[in-house]
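S.K.: no sequence for this one, just the structure:
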């Protein structure tokens, strides 16, 4: 029996002080009113407090659950070279069969279609093999690698977005599941996850080339598209725009998905919906010129996109090594209405976003043309800086378009050679959009496009119900254990109960200090730990009882009881610790949350059930006592 207990008291006091220090931000946060939280947010102090509290998972706090599916047909299309209409038709058939048969393997369908057709697949995938088997195998490897990179990139994006303990895991071959606890801005989260973030720099075609392609396209369209089809398109456009105008006016929203899925400003009730499309010059009738730029009224975008989708128009654009892209945002020009800018660009980019080393969102500096407006400043690596210097130096006086996900954000004139590898992107709605784009560019572009196939939002009220149920289960469990221990082990049971309360406090303190997330499975782990902690005390108390039956004094019985029980306790808890580590290593999401609480709960229970209770018994038996309440 130890006589000097001061070191034990100091250890316990230090750990007790640390636990309350770790839990204080969580206690403080829980007692803050909504007004106080808003005040601290304005002062920039709320984030500081939130970084130190026990975070709550999706099932407790609410948030978003999103299932993403990699667009495998699009990935295969991008990997193919020398594509023609024959290949595109085959891929279209494969895609339709794949989408109509849920759970099917894309590459099995692809193989069957290739083998049943006269298409020479090597022509399109000569880099991936010399026969169908080698090509399919290589494409499958490329797909798996792409999805793994998508996982990593999404993790990087979400980490920089500031979501606490997101869950990102692969499901099956092509799907990725994402859980974002506490996120209520679903539109922003969707944009962050879905954006391919393909940044490209294209030179604009000159005015002569632009005028020539417009004339050529008009001639092709007049030949390929009958008057009846053009009249039908005018009618479709009018109906489509009318419906969108009503939706925009009624809901005061800024997105017109049926036009082409891009951002437009609010539309008033008296919007004109009939397209300006004419039979004589279908393409040119939809375009106007403002300060040297082509612009297209919002009501004409649908018709223009339809015309550009004509096979003859696509072939002509391909042969001319050019492409048409719209601006990212629309703008009101004078009293004429709302327009999108239209750009005729080279078909191949001069530079891509893979060279971006740093991306930072801020407001434009005073003295510049973008003062006070959100911009993203880019720094390129040495390779990118060298290319950027060459491109800008060789094309002084020309315009270069900065394109993100096939939307032109800006198309400035190149005034001088830029040797430092630095540039800026403008044309964002607000600073949040600029910040998200900066995050995406830093994390990198997705190697394969992803589509949202399922989305659920868990409201905070459901989370509150879960918290209430969890708290109730813990209190009921604790109450039953407390009563049992007091009845069966008397005063010693009270010591075990004290150690149990300590155990829970220390687990919560560890979770807070680690920045871990508490979920419903975590609460289950906490309840399991309660049982494990009491189990250790039961083993110790039964050993002490055995020693007392042998006629030993309370001091000797306590010493012998702890010495005999310690081996059994360590053996039992060690196997549980190993199991929790395996669960943490190979589990995902809820399993990891359970494993984290279980791991620390077991370690802490060994401290409280053995070290703390032993110190209390030592203190009680410092003076000679004849009986022990056990």
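M.R.: Structure's in. What do you need? Fair warning: this is a prediction, and the values are worked out from it, not measured in the lab.
S.K.: Any buried residues in stretch 529-540, and which?
M.R.: Residues 529-530, 532-534, 536-540 are the ones in stretch 529-540 that count as buried (16 or more other Cβ atoms under 10 Å). All C-beta spots, glycine's among them, are computed from the backbone N, C-alpha and C.
S.K.: Out of those residues, the closest to residue 14 would be?
M.R.: Proximity of those to residue 14 (Cβ to Cβ) peaks at residue 533, which lies at 20.7 Å.
S.K.: In space, what's closest to that closest one - neighbours in sequence excluded?
M.R.: Leaving out its chain neighbours, the residue that sits closest to residue 533 by Cβ to Cβ, 6 or more residues apart in numbering is residue 605, at 3.8 Å.
S.K.: just checking, what packs against the strand or helix carrying the one you found?
M.R.: In this structure, residue 605 sits in helix 590-606 according to DSSP states H and E. Packing contacts for helix 590-606, counted by 3 or more Cβ pairs under 8 Å, 6 or more residues apart in numbering; DSSP states H and E, involve helix 460-514, strand 517-518, helix 520-549, helix 554-586.
S.K.: one step back: save the buried residues of stretch 529-540 as TSV, and put in distance to residue 59 too.
M.R.: Output for those, formatted as TSV (distance: Cβ to Cβ, whole Å):
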residue	distance to residue 59
529	19
530	20
532	23
533	25
534	27
536	30
537	31
538	32
539	34
540	36
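S.K.: out of those residues, who's nearest residue 56?
M.R.: Nearest to residue 56 out of the buried residues of stretch 529-540 is residue 529 (Cβ to Cβ; 18.5 Å).
S.K.: picking that back up, deepest of the helices and strands packed on helix 590-606, which one?
M.R.: Of all the helices and strands packed on helix 590-606, strand 517-518 has the most neighbours on average by mean count of other Cβ atoms under 10 Å, namely a mean of 24.
S.K.: hmm, who's touching that strand?
M.R.: With contacts defined as Cβ atoms under 8 Å, 6 or more residues apart in numbering, strand 517-518 is touched by 54-57, 60, 164-165, 181, 511, 593, 597.
S.K.: strands paired with it, and their directions?
M.R.: If you go by DSSP bridges, strand 517-518 pairs up with strand 55-56 (parallel).
S.K.: and the helix or strand following the strand it pairs with, what does it pack onto?
M.R.: Tracing the chain past strand 55-56, the next element assigned as helix or strand by DSSP H and E is helix 58-61. Using 3+ Cβ pairs under 8 Å, 6+ apart, the elements in contact with helix 58-61 are strand 175-181, helix 460-514.
S.K.: Can you tell me which of those is nearest to residue 211?
M.R.: Within the helices and strands packed on helix 58-61, the stretch nearest residue 211 is strand 175-181; the backing value is 46.0 Å (Cβ to Cβ).
S.K.: how big is the angle separating the helix or strand that that closest one is followed by from strand 175-181?
M.R.: As assigned by DSSP H and E, the chain's next helix or strand after strand 175-181 is helix 186-194. Angle of helix 186-194 versus strand 175-181, following axes from the mean of the first three to the mean of the last three Cα atoms, to 10 degrees, is 140 degrees.
S.K.: after helix 186-194 comes which helix or strand?
M.R.: strand 199-203.
S.K.: ok, and what's touching the helix holding residue 605?
M.R.: Around helix 590-606, the neighbours that count as contacts under Cβ under 8 Å, 6+ apart are 57, 59, 503, 506-507, 510-511, 514, 516-526, 528-529, 532-533, 536, 569-570, 573, 576-577, 580-581, 583-584, 587.
S.K.: Report the angle between it and helix 460-514.
M.R.: Going by the same axes, to 10 degrees, helix 590-606 is angled at 50 degrees with respect to helix 460-514.
S.K.: what distance separates helix 590-606 from the centre of its chain?
M.R.: 26 Å (Cα atoms, centre = their mean, to the nearest Å).
S.K.: for it, which positions count as buried?
M.R.: Buried residues in helix 590-606, counted by 16+ other Cβ under 10 Å: 590, 592-606.
S.K.: quick one: contacts for residue 355?
M.R.: Going by Cβ under 8 Å, 6+ apart, residue 355 touches 380-381, 383-385, 387-388, 421.
S.K.: run the last query once more with 10 Å
M.R.: Counting by Cβ atoms under 10 Å, 6 or more residues apart in numbering, residue 355 touches 199, 201, 378-388, 421.
S.K.: What helix or strand is the residue nearest to it when sequence neighbours are not counted located in?
M.R.: For residue 355, ignoring the flanking residues on the chain, the nearest one in space by Cβ to Cβ, 6+ apart is residue 384 at 2.6 Å. Taking DSSP H and E as the definition, residue 384 sits inside helix 382-394.
S.K.: any idea of the mean pLDDT for the following helix or strand past that helix?
M.R.: Once helix 382-394 ends, the next helix or strand along the chain (criterion: DSSP H and E) is strand 400-404. The average pLDDT for strand 400-404 rounds to 85.
S.K.: likewise stretch 92-100?
M.R.: What stretch 92-100 shows for mean pLDDT is 86.
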